[in-house]
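Visitor: missing the sequence, but the structure's below:
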């Protein structure tokens with residue numbers, strides 16, 4: 001095979017693989033700062049999902065005697081049709097180290113133009129922030 005055809009085949013295979021792998025998620029990164037100030041940063045890695053769903057209000061409070069942090073984030077469906085997605089929370093300490101136990105993606109669906117709060121509680125004391133990741137649904141695979 002001529003060299004140019006080999007390169008074209010390689011690029012075609014790589015493009016097909018990239019199209020099959022849609023692991024990009026949109027991320028809401030929340031940190032609590034001194035004085036109870038909340039810092040929010042959104043990272044968009046999936047433009048289609050960003051047009052469909054958006055992060056809204058964030059509420060934080062300490063619960064129980066262990067002083068675990070509870071977070072609720074409003075996720076809004078911007079479309080006039082139902083949207084399915086997956087989400088997960090990852091908790092961090094003040095130094096940015098992950099304190100979450102292993103978490104899995106949780107399937108969810110929002111009706112047309114619906115907004116709903118999604119809640120998580122830190123796995124222990126010392127949480128200073130979290131990331132909420134949302135992605136398009138992934139097919140289940142056999143084990």
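Guide: All right, it came through fine. Computed from a predicted structure; not experimentally measured.
Visitor: make it CA atoms for all contacts and neighbour counts henceforth
Guide: Will do.
Visitor: quick one, helices of the protein?
Guide: 3-20, 47-52 (DSSP state H).
Visitor: what's the least confident stretch among those?
Guide: Here the helices of the chain differ in mean pLDDT, and the lowest is helix 3-20 at a mean of 49.
Visitor: contacting residues for the nearest residue in space to residue 135 that is not next to it in sequence?
Guide: Distances taken as CA to CA, 6 or more residues apart in numbering put residue 25 closest to residue 135, at 4.6 Å, once the chain neighbours are dropped. When contacts are counted by CA atoms under 8 Å, 6 or more residues apart in numbering, residue 25 is found next to 44, 45, 46, 133, 134, 135, 136.
Visitor: From those, list the buried ones, please.
Guide: 46, 133, 134, 135, 136 (16 or more other CA atoms under 10 Å).
Visitor: my guess is the fourth one contacts residue 85, does it?
Guide: Yes - applying CA atoms under 8 Å, one finds residue 135 in contact with residue 85, separated by 5.8 Å.
Visitor: picking up where we left off before, filter the buried ones among the contacts of residue 25 down to just the ones in strands.
Guide: 133, 134, 135 (DSSP state E).
Visitor: what is the last one paired to in the beta sheet?
Guide: Beta-bridge partners for residue 135, by DSSP bridges, are residue 86.
Visitor: State the distance from it to residue 123.
Guide: From residue 135 over to residue 123 the distance is 23 Å, taken as CA to CA, to the nearest Å.
Visitor: Burial check on residue 113, number of neighbours?
Guide: Other residues lying near residue 113 total 15 when counted by other CA atoms under 10 Å.
Visitor: what's the closest non-adjacent residue to it?
Guide: Take residue 113 and drop its neighbours on the chain: the residue closest to it by CA to CA, 6+ apart is residue 77, 4.9 Å away.
Visitor: ok, that neighbour - contacts?
Guide: When contacts are counted by CA under 8 Å, 6+ apart, residue 77 is found next to 52, 53, 54, 83, 110, 111, 112, 113, 114, 115.
Visitor: again, only this time at 6 Å
Guide: The neighbourhood of residue 77, defined by CA atoms under 6 Å, 6 or more residues apart in numbering, consists of 52, 53, 113, 114.
Visitor: Bridged to it, which residues?
Guide: residue 53.
Visitor: Which of the contacts of residue 25 sits closest to residue 65?
Guide: Taking CA to CA as the measure, residue 65 lies nearest residue 133 of the contacts of residue 25, at 28.0 Å.
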